[in-house]
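>>> No letters, just coordinates:
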């Protein structure tokens with residue numbers, strides 16, 4: 001299986017990459033990244049300057065992939081314009097490329113967030129703009145999935161993501177909904193490999209992730 005990964009230098013993406021490289025069923029990982037990564041026999045790095053543009057040399061590296069795990073993002077966005085570019089524009093630009101050059105059926109695994117709001121008119125009491133942007137990404141991806149049956153979209157909506165060695169009981173913020181990063185990565189990989197119990201679903205909540213899908 002050939003898998004595309006974004007966000008491989010981030011908190012979640014690093015864990016996904018580590019598990020992918022250890023998984024014998026995944027024969028090739030292409031990491032789309034702005035900077036190089038440590039060498040590994042299964043890893044290719046597609047170095048990009050702009051996540052809105054994929055020149056032919058990058059497309060050649062991505063060609064014929066079976067799935068993508070999209071874990072690109074920032075913990076804190078400086079403003080709504082940046083949030084829209086990173087969350088929405090980068091994602092949709094990549095999806096258009098994947099539809100052109102990758103295998104069919106193709107599985108696109110998107111790491112969203114438990115607070116994302118798909119109802120663009122709903123009044124929210126905190127981070128309303130960013131939550132609506134994340135919800136808009138989900139809406140756009142689901143429209144694409146409905147229009148293109150060969151392009152499967154699976155959205156994971158984790159709450160607080162904790163390091164694998166953190167104890168849920170020892171942290172005050174762990175009292176709320178949370179998931180450990182290794183469990184989240186494992187769930188995304190299972191969906192990418194079409195190995196979940198119910199791949200007809202599009203959205204997986206934090207409780208689903210903690211149950212192992």
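Received it, and whenever you're ready, just let me know what you need. Just so it is clear, the model here is predicted, and its values are computed rather than measured. Numbers count the residues shown, from 1 in each chain.
>>> So which residues of the protein form strands?
With DSSP state E as the criterion, the chain has strands at 2-6, 28-33, 43-47, 67-70, 106-111, 151-157, 160-162, 178-180, 203-205.
>>> residues in contact with residue 203?
Counting by C-beta atoms under 8 Å, 6 or more residues apart in numbering, residue 203 touches 138, 155, 157. Where you see a C-beta, it was placed from the backbone N, CA and C, and this is true even at glycine.
>>> By neighbours, which of those wins?
Of all these, residue 155 has the most neighbours under the rule other C-beta atoms under 10 Å, reaching 24 neighbours.
>>> these two touch, right, it and residue 205?
No. In terms of C-beta atoms under 8 Å, residue 155 does not count as a neighbour of residue 205; the distance is 9.6 Å.
>>> and the lengthiest helix in the chain, what's its mean pLDDT?
For the chain, the longest helix by residue count, based on DSSP state H, is helix 128-147. Helix 128-147 shows a mean pLDDT of 90.
>>> for it, packing partners?
helix 80-84, helix 90-101, strand 106-111, strand 151-157 (3 or more C-beta pairs under 8 Å, 6 or more residues apart in numbering; DSSP states H and E).
>>> Poorly predicted segments of this structure, please.
74-75, 117-119, 121, 124-127, 167-175, 195-199 (pLDDT under 70).
>>> Quickly note the distance from the residue nearest to residue 181 when sequence neighbours are not counted to residue 149.
Sequence neighbours aside, residue 15 is the residue nearest to residue 181 in space, at 4.8 Å (criterion: C-beta to C-beta, 6 or more residues apart in numbering). Residue 15 sits 31 Å away from residue 149, taking C-beta to C-beta, to the nearest Å as the criterion.
>>> So which of these two has more stuff around it?
residue 15 (24 against 9).
>>> Identify the spatial nearest neighbour of residue 176, chain neighbours not counted.
residue 160 (6.3 Å).
>>> burial count for the one you found?
Residue 160: 17 neighbours (other C-beta under 10 Å).
>>> gap between it and residue 112?
For residue 160, the distance to residue 112 - C-beta to C-beta - is 14 Å.
>>> which one of the helices and strands packed on helix 128-147 lies closest to residue 35?
Checking these against residue 35 by C-beta to C-beta gives helix 90-101 as the closest, at 16.1 Å.
>>> next one: that closest one to chain centre, how far?
Here helix 90-101 is found 13 Å from its chain centre; the criterion is C-alpha atoms, centre = their mean, to the nearest Å.
>>> for stretch 27-36, same thing?
14 Å.
>>> Kindly check the end-to-end length of that stretch for me.
Separation of the first and last residues of stretch 27-36 by C-alpha to C-alpha, to the nearest Å is 20 Å.
>>> Return the distance of the spatially most central residue of the chain relative to residue 176.
What sits nearest the mean C-alpha location of the chain, by C-alpha atoms, centre = their mean, is residue 70, with 2.6 Å. Using C-beta to C-beta, we find residue 70 at a distance of 25 Å from residue 176.
>>> How about residue 108?
28 Å.
>>> Looking at those two, which has the bigger crowd around it?
residue 108 (25 against 12).
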